[in-house]
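Chemist: Predicted model and sequence below, questions to follow.
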Amino acid sequence: MTSENNNAAEQPVRNILIFDTTLRDGEQSPGASMNLDEKLQVAQALVDLKVDIIEAGFPIASPGDFEAVREISRHVKGSTVCGLARCVDADIDAAWGSLKEAESPRIHVFLATSKIHRSFKLRMSQEEIIERAVVGVKRAKGYCDDVEFSPEDACRTEIDFLCRVVEAAIDAGATTVNIPDTVGYTTPAEMTTRIQTLFNRVPNIDKAVVSTHCHNDLGMAVANSLAAVVAGAGQIEVAINGLGERAGNCPLEEVVMALRTRRDFFHADTRIVSQRLVPASRVVTKVTGLMIPRNKAVVGRNAFAHESGVHQDGVLKERSTYEIMTPESVGFVKNDLVLGKHSGRAALADRIKSLGFELTKEQLDEAFAEFKRLADLKKDVFDADIVAIVDRQTSSGRLTGAAADWKYESYELTRSAQGKATVTAKLSQNGVEKTAVVSDGDGPVHSMFWAVQQIVGLHIRLEEYKVEAVSGGSDAQGEVVVRVKDVDSNVDYRGRATSTDVLEATLMAFVDASNRIQRANEKKSQ
Ligand code: KIV
Ligand code: ZN
């Protein structure tokens, strides 16, 4: 109990299903594309969280998407695996083809229903929309009992028509009807009314779970999702760190902790293991390279940092004065023990586990060797340093990534008496080393950027470059995050790396970004 309100008399608590779309809508975030290994890492984090339904992808979109949904279907136990499809035969057939080995498969079909989408995008009448939706749901139902139907842009759809579409979809066999706020336009009060109206006016509504899927364009995705729950929705669609199209989807961690912390108000909860929220957030940050703000609710680095003297005094006397939930409850690990050069392999393994990571024996061996090297350079090795080491062991291209990924080998920097910097960078691909020497850059970072371009043969432009210390102290490791534009496709990609040497981290971050571009190009050409 961390809040006075939680002392309110317990009332029956409804279980709300959590449908996670990090791997589908989340992957549609610019720069968030993931390779198969990365998708499997995210899927594992979702299983650890006990997410009810994992939307693993849009199988018709590309052979890579199909393959990813199929692999996730084979691996995942304990959660339903879902694939997205338009109300088109080929989409639904592909979805089933990729899902059929899942322990618990779901096909999710969608069709836009709002007047704007009907007139400008689909050029279809209301009757044609209903007919197409029914045909789509029935085809999916022929494959699988568990079928979800989404009237895309539902929150801008005329309510009478929405009621008709939902009724027809349920009659055709939909077991979940999802009400998406596709463009993040609705408000909490409107959402409550819309869901209540469906409950009041759709005669067969009790035969399906009512769901919502809120985008965050006006920053209301969490509030709108909670408003749907208040009105009786039984499923919320979310993404880790709020990833998703444009401003993203409803962040899983925020809506789950809102329900748990205010169970007294919502009389609803989920089966999510909240202690896995921070580890899951870290996995998604690592594989996408999309960093979260320090003050991000629930999982941000500062989410539990009390700065002002008054607050610190209050927390020291009684945590609940300023803490409505504990850092431990969301997976921040409190470690009084800082590791150092005398710490052994078992202590490191234990710390890695408590931070939420699982390494293979081979990865742990490498992590331990790197930990020892780091402990020689730094007096104290903090949790943030260990997360950075684990990142390097599990990041793609190292042990599990695509074979064609470039790997950083080494660099040298020399300065002439006139102050001119020359960078010699060495990278390898499939074990073959390549070296570039650049001395006409505008300083070492610029020269490194050119060196990487020369070796990997991509035409990229540097858009953003950030360096940050991962922990305290003057011997802290530096984390470099870069955003580069692939000039040929005009798409932005991120790269991230850490090292005690920020120039080395810089070069590694450029390599990371280049690998992401290369993988995305491969995916497009499949
Ligand atoms: O935002 C949206 O409407 C969607 C649907 C496919 C559910 O992502
Ligand atoms: Zn969406």
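Modeler: It's in. Ligands and ions are numbered 1, 2, ... in the order given.

Chemist: Show me how far the strand or helix carrying Glu362 is from its chain's centre.
Modeler: Using DSSP states H and E, Glu362 sits within helix 361-377. Centroid separation for helix 361-377 versus its chain: 27 Å, with C-alpha atoms, centre = their mean, to the nearest Å.

Chemist: Buried by neighbour count: which residues of it qualify?
Modeler: By neighbour count with 16 or more other C-beta atoms under 10 Å, helix 361-377 contains the buried residues Gln363, Leu364, Glu366, Ala367, Phe368, Glu370, Phe371, Leu374, Ala375. From N, CA and C alone the C-beta is placed, and that goes for glycine too.

Chemist: who's in contact with the last one?
Modeler: By that I understand Ala375. In this structure, Ala375 makes contact with Leu339, Gly340, Lys341, Ser343, Val381, judged by C-beta atoms under 8 Å, 6 or more residues apart in numbering.

Chemist: which one of these sits closest to ligand 1?
Modeler: Val381 (42.0 Å; C-beta to the nearest ligand atom).

Chemist: any chance of the buried residues of helix 361-377 in a markdown table, with pLDDT and distance to Lys296 too?
Modeler: Shown next, in a markdown table, are those (pLDDT from 0 to 100; distance: C-beta to C-beta, whole Å):
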| residue | pLDDT | distance to Lys296 |
| --- | --- | --- |
| Gln363 | 90 | 28 |
| Leu364 | 93 | 30 |
| Glu366 | 91 | 30 |
| Ala367 | 92 | 27 |
| Phe368 | 94 | 31 |
| Glu370 | 90 | 28 |
| Phe371 | 92 | 28 |
| Leu374 | 89 | 27 |
| Ala375 | 89 | 30 |
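
Chemist: I'd like those residues as a markdown table, with distance to ligand 1 appended.
Modeler: Output for the buried residues of helix 361-377, formatted as a markdown table (distance: C-beta to the nearest ligand atom, whole Å):
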| residue | distance to ligand 1 |
| --- | --- |
| Gln363 | 35 |
| Leu364 | 38 |
| Glu366 | 39 |
| Ala367 | 37 |
| Phe368 | 43 |
| Glu370 | 40 |
| Phe371 | 42 |
| Leu374 | 42 |
| Ala375 | 46 |
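
Chemist: circling back: could you identify the helix or strand that succeeds the helix holding Glu362?
Modeler: helix 383-394.

Chemist: buried residues in the helix or strand just after that next one?
Modeler: Going down the chain from helix 383-394, the next helix or strand is strand 406-415, by DSSP H and E. Across strand 406-415, burial judged by 16+ other C-beta under 10 Å covers Trp406, Lys407, Tyr408, Tyr411.

Chemist: Quick one: name the residues of the stretch 101-250 of the chain near ligand 1.
Modeler: Phe110, Ser150, Glu152, Asn178, Pro180, Thr182, His213, His215 (C-beta under 6 Å from any ligand atom).

Chemist: ok, now with 8 Å
Modeler: By C-beta under 8 Å from any ligand atom, the residues of the stretch 101-250 of the chain that approach ligand 1 are 108, 110, 150, 152-154, 178, 180-183, 213, 215, 237, 244-245, 249.

Chemist: rewinding a little: highest neighbour count among the contacts of Ala375?
Modeler: Val381 (24 neighbours; other C-beta atoms under 10 Å).

Chemist: so that one sits right up against Gly340, yeah?
Modeler: Yes - counting by C-beta atoms under 8 Å, Val381 does reach Gly340; the two are 6.2 Å apart.

Chemist: check contacts around Glu167.
Modeler: Val202, Pro203, Asn204, Ile205.

Chemist: So the residue of the chain positioned farthest from its centre: helix, strand or coil?
Modeler: Residue farthest from the centre of the chain, counting by C-alpha atoms, centre = their mean, is Ala417 at 47.9 Å. State at Ala417, reduced to three classes by DSSP: H, G, I helix; E, B strand; the rest coil: coil.

Chemist: shift numbering so it begins at 402
Modeler: All right, first residue 402 from here; so that's Ala818.

Chemist: rewinding a little: out of the residues of the stretch 502-651 of the chain next to ligand 1, list just those in strands.
Modeler: His509, Phe511, Ser551, Glu553, Asn579, Pro581, Asp582, His614, Glu638 (DSSP state E).

Chemist: Give me the pLDDT value at the fifth one.
Modeler: Among the per-residue scores, Asn579 shows a pLDDT of 98.

Chemist: residues in contact with whichever strand or helix holds Phe850?
Modeler: If you go by DSSP H and E, Phe850 is part of helix 845-857. Helix 845-857 has contacts (C-beta under 8 Å, 6+ apart) with 807, 812, 814, 822-826, 828, 835-842, 860-861, 863, 866, 904, 907-908, 911-912, 915, 919.

Chemist: just stretch 664-671 next, same as before
Modeler: For stretch 664-671, using C-beta under 8 Å, 6+ apart, the contacting residues are 406-409, 412-419, 453, 627, 630-631, 657, 659-661.

Chemist: Go again with 7 Å.
Modeler: When contacts are defined by C-beta atoms under 7 Å, 6 or more residues apart in numbering, stretch 664-671 is touched by residues 406-407, 409, 412-417, 419, 627, 630-631, 657, 660-661.

Chemist: shaky segments in this protein?
Modeler: Counting by pLDDT under 70, the low-confidence segments of the chain come to 402-411, 736-738, 795-804, 873, 924-927.

Chemist: Which positions in stretch 918-925 come out as buried?
Modeler: Buried residues in stretch 918-925 (16+ other C-beta under 10 Å): Ile918, Gln919, Arg920, Ala921.

Chemist: Isn't Asp792 up against Val688?
Modeler: No - with contact defined as C-beta atoms under 7 Å, Asp792 does not reach Val688; the gap is 9.7 Å.

Chemist: just to revisit the earlier point, point out the ones among the contacts of Ala776 that are inside helices.
Modeler: Members of those lying in helices (criterion: DSSP state H): none.

Chemist: okay, the residues you listed in TSV with distance to ligand 1 next?
Modeler: Below are those laid out as TSV (distance: C-beta to the nearest ligand atom, whole Å):
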residue	distance to ligand 1
Leu740	43
Gly741	48
Lys742	50
Ser744	46
Val782	42
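
Chemist: So which of the residues you listed are in strands?
Modeler: Per DSSP E, the subset of the contacts of Ala776 in strands is empty.

Chemist: So which residues of the stretch 452-601 of the chain form strands?
Modeler: 454-458, 481-487, 506-513, 548-553, 577-582 (DSSP state E, counting those that start in this stretch).

Chemist: for these, which one ends up most surrounded?
Modeler: strand 454-458 (a mean of 29; mean count of other C-beta atoms under 10 Å).

Chemist: That strand near ligand 1 anywhere?
Modeler: No - contact of strand 454-458 with ligand 1 (C-beta under 8 Å from any ligand atom) is absent, the minimum separation being 8.9 Å.

Chemist: what's that strand packed up against?
Modeler: Judged by 3 or more C-beta pairs under 7 Å, 6 or more residues apart in numbering; DSSP states H and E, the packing partners of strand 454-458 are strand 418-421, helix 437-450, helix 464-476, strand 481-487.

Chemist: quick check: domain ranges of this structure?
Modeler: 413-689, 734-794, 808-926 (automatic domain parsing).
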